[in-house]
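Trainee: sequence first, then the predicted structure:
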Amino acid sequence: MERWQPRRGRGRGRGTYSSSSHTQSNNFRPSNTSNHQTTRKTTPNHTSSVINNKQDSNGPEDLPNLTGSCPYMCPVDERSRRERLRDLAVFERLNGNPSLSSSALAVKKFCRTISTKDVRDVDLRPIFVLEDTLNHLLDIFGSKSQPFEVIHDFVFDRTRSIRQDLSMQGIMTGDQAIRIYERIVKFHIVSHYKLQRNNANSDPNVSPMHHLNMEQLTKTLSSLYHLYDQTRKPNPEFYSFHVLLHLGSDHQQTGESLSLWFRKLPFSIMKSKEMMFARRLLRYSRFGNYKQFLETVDSEASCLQYYVLEPYICEIRALALACLNNGGYKLHPYPLIEVSKRLFMEESDVESFCKDCDLETYTSEEGTKFMPTKQTSFCRPKGSWKYYPMASKRLKTMYDEVPETI
């Protein structure tokens, strides 16, 4: 006999009759669901969709096994197509002709989306060709034939293409691969430094070119660390760059925290001179110890470390100026010559920097310039940080002319 039961759900006073047929129908639901899930798992376009979504990934596990056979910097088919479409960069044009290039000039462009059917061995360059291509690109990067932004944009795109070819062939071991990735990291760091100089009157942190360069620097470092894990041949200086990039109040956390990252590093890396330098600067920055921060940079920073650090030095100087302003006696103004020594700046630059921070200065009857303390108008410069070089004999050779051979 059927028994009346209240039905769970909306509505008051309503019910339904339970029956054996209703129970049996429920028992068949799991099998239908599993069949449906099995059908979804065997979708034939799954592999293709993975490739299409793989825009700039560094993991080759979802790609077919390929070995490049293209002997040129740019595949013949791509070069012909780009000649026909007049899609040649200024560095690829033969005698300035926008529709004519050669194997010695054309370089394969980065392709954002790649499907399985488009990947061919003849379109991929083997590692020795990739290294020759990188040598060609860095020769262009060191030239002054075009404005820096034009040079950077070209080399930036073509080095992404090199990394893409390495990833698609699954080349994630070997000294050659490490050497290529290290040199691409150096390219991005020098570009980071030069873009900061060239965009002194605009905010480099919101500049699209600066943002994209920082993004690819982070990705290239991540791939390089993976290579180090595979070969057990790490370079401590390249690990220090990751720490130094975490300096600054505008840094946005995009991955795991530094504390977790530190736990994964070998003891030899953590105790290396380069990593100890970076960790000290991080500690000085977080505790507001501007004096030790600037003195350590002046005495220990390598060329590439200084290039990474320079955008954050002005922020530390602003902190130092705030401390001097708030901590001094109102009747005892600071001589600008003393402020310049603390901030590692020229006296004329200190006067300009004070104006950037809305602090007043004055000149005494004897001609000495002073900064009054306890000024309430102090504020950190809004927007961009104007560039002021460090007054350091050791570092002067680094920022006068880029000496770093990439």
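Mentor: Structure received. These figures come from a predicted structure and were not determined experimentally.

Trainee: surely Thr159 meets Ile184?
Mentor: Yes: assessed by C-beta atoms under 8 Å, Thr159 is found in contact with Ile184 at 5.0 Å. Where C-beta positions appear, they are placed from N, C-alpha and C, glycine not excepted.

Trainee: which residues do the two both contact?
Mentor: Common neighbours of Thr159 and Ile184, counting by C-beta atoms under 8 Å, 6 or more residues apart in numbering, are Leu134.

Trainee: and His46, what pLDDT?
Mentor: For His46, the model assigns a pLDDT of 42.

Trainee: repeat for the one 5 residues further on
Mentor: At Ile51, the pLDDT value in this model is 39.

Trainee: same deal with His210?
Mentor: At His210, the model reports a pLDDT of 88.

Trainee: got the contact list for the helix or strand hosting it?
Mentor: Element membership of His210, judged by DSSP states H and E, is helix 208-231. Contacts to helix 208-231, defined as C-beta under 8 Å, 6+ apart, come from residues 56, 58, 149, 152-153, 156, 160, 163, 167, 172-175, 177-178, 181-182, 184-185, 188-189, 191-192, 195-196, 199, 204-205, 234-235, 238-239, 241-242, 245, 254.

Trainee: next, Asn97: phi, psi?
Mentor: Phi and psi for Asn97, reported as degrees, to the nearest 10, are phi -80, psi 120.

Trainee: and it, what are its bridge partners?
Mentor: Leu94 (DSSP bridges).

Trainee: that one - how many residues pack around it?
Mentor: 11 (other C-beta atoms under 10 Å).

Trainee: so how far is Met214 from it?
Mentor: Distance of Asn97 to Met214, given as C-beta to C-beta, to the nearest Å: 35 Å.

Trainee: the nearest residue to Leu324 once chain neighbours are set aside and Met168, how far apart?
Mentor: Residue nearest to Leu324 in three dimensions, not counting chain neighbours: Tyr334, with 5.9 Å by C-beta to C-beta, 6 or more residues apart in numbering. Distance, Tyr334 to Met168, using C-beta to C-beta: 59 Å.

Trainee: now swap in Glu315 and tell me
Mentor: Glu315 is 40 Å from Met168, by C-beta to C-beta.

Trainee: higher neighbour count, those two?
Mentor: A direct count of neighbours by other C-beta under 10 Å for Glu315 and Met168 places Met168 higher, at 21 against 18.

Trainee: sorry, back to before: could I get the phi/psi values of the residue nearest to Leu324?
Mentor: Here Tyr334 shows phi and psi, under degrees, to the nearest 10, equal to phi -90, psi 130.

Trainee: wait, it sits on Met371?
Mentor: Yes: using C-beta under 8 Å as the test, Tyr334 is close enough to Met371 to be in contact (4.8 Å).

Trainee: what sits in contact with each of those two?
Mentor: With C-beta under 8 Å, 6+ apart, Tyr334 and Met371 have common neighbours Leu324.

Trainee: low-confidence stretches in the stretch 101-250 of the chain?
Mentor: Regions of the stretch 101-250 of the chain meeting the criterion pLDDT under 70 cover residues 115-117, 199-206, 249-250.

Trainee: apply 90 and report the result again.
Mentor: Along the stretch 101-250 of the chain, the parts satisfying pLDDT under 90 run over 111-120, 144-145, 168, 171-173, 193-211, 230-233, 248-250.

Trainee: the helices in it, which residues?
Mentor: 127-141, 148-168, 175-198, 208-231, 236-244 (DSSP state H, counting those that start in this stretch).

Trainee: the shortest one to helix 208-231, inter-axis angle?
Mentor: It refers to helix 236-244. 130 degrees (axes from the mean of the first three to the mean of the last three C-alpha atoms, to 10 degrees).

Trainee: buried residues in helix 236-244?
Mentor: Residues Pro236, Glu237, Phe238, Tyr239, Ser240, Phe241, His242, Val243, Leu244 are the ones in helix 236-244 that count as buried (16 or more other C-beta atoms under 10 Å).

Trainee: closest one to Phe267 out of these, please.
Mentor: Pro236 (11.7 Å; C-beta to C-beta).

Trainee: which residues touch the spatially closest residue to Leu336 that is not a sequence neighbour?
Mentor: Once flanking residues are discounted, Leu336 sits nearest to Lys369: 4.2 Å by C-beta to C-beta, 6+ apart. Shown in contact with Lys369 (C-beta under 8 Å, 6+ apart): Pro335, Leu336, Ile337, Glu347, Glu351, Thr361, Tyr362, Thr363.

Trainee: hmm, try it at 7 Å
Mentor: By C-beta atoms under 7 Å, 6 or more residues apart in numbering, the residues touching Lys369 are Leu336, Glu347, Glu351, Thr361, Thr363.

Trainee: most neighbours among these, please name it.
Mentor: Tallying neighbours with other C-beta under 10 Å puts Leu336 at the head of the contacts of Lys369, with 23 neighbours.

Trainee: what does the helix or strand where Val297 lies rub up against?
Mentor: In this structure, Val297 sits in helix 290-300 according to DSSP H and E. Helix 290-300 has contacts (C-beta under 7 Å, 6+ apart) with 277, 280-281, 284-285, 309, 313, 316, 319-320, 323, 342, 344, 390, 392, 394-395.

Trainee: that helix: which residues count as buried?
Mentor: Buried-residue list, helix 290-300, by 16+ other C-beta under 10 Å: Tyr290, Phe293, Leu294, Val297, Asp298, Glu300.

Trainee: can you tell me which of the residues you listed is nearest Glu78?
Mentor: The closest of the buried residues of helix 290-300, once distances to Glu78 are taken by C-beta to C-beta, is Val297, at 44.8 Å.

Trainee: from Tyr239, how far off is the closest one?
Mentor: Counting by C-beta to C-beta, the gap from Val297 to Tyr239 is 18 Å.

Trainee: over to Asp298?
Mentor: From Asp298 to Tyr239 the distance is 22 Å (C-beta to C-beta).

Trainee: for Ser272, same thing?
Mentor: Ser272 is 8 Å from Tyr239, by C-beta to C-beta.

Trainee: kindly report the same for Thr218.
Mentor: 13 Å.

Trainee: before we move on, the earlier item: mind putting the buried residues of helix 290-300 into CSV with distance to Gly328?
Mentor: Converted to CSV, those look like this (distance: C-beta to C-beta, whole Å):
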residue, distance to Gly328
Tyr290, 15
Phe293, 20
Leu294, 19
Val297, 24
Asp298, 24
Glu300, 29
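
Trainee: I'm done for today, thanks for sticking with me.
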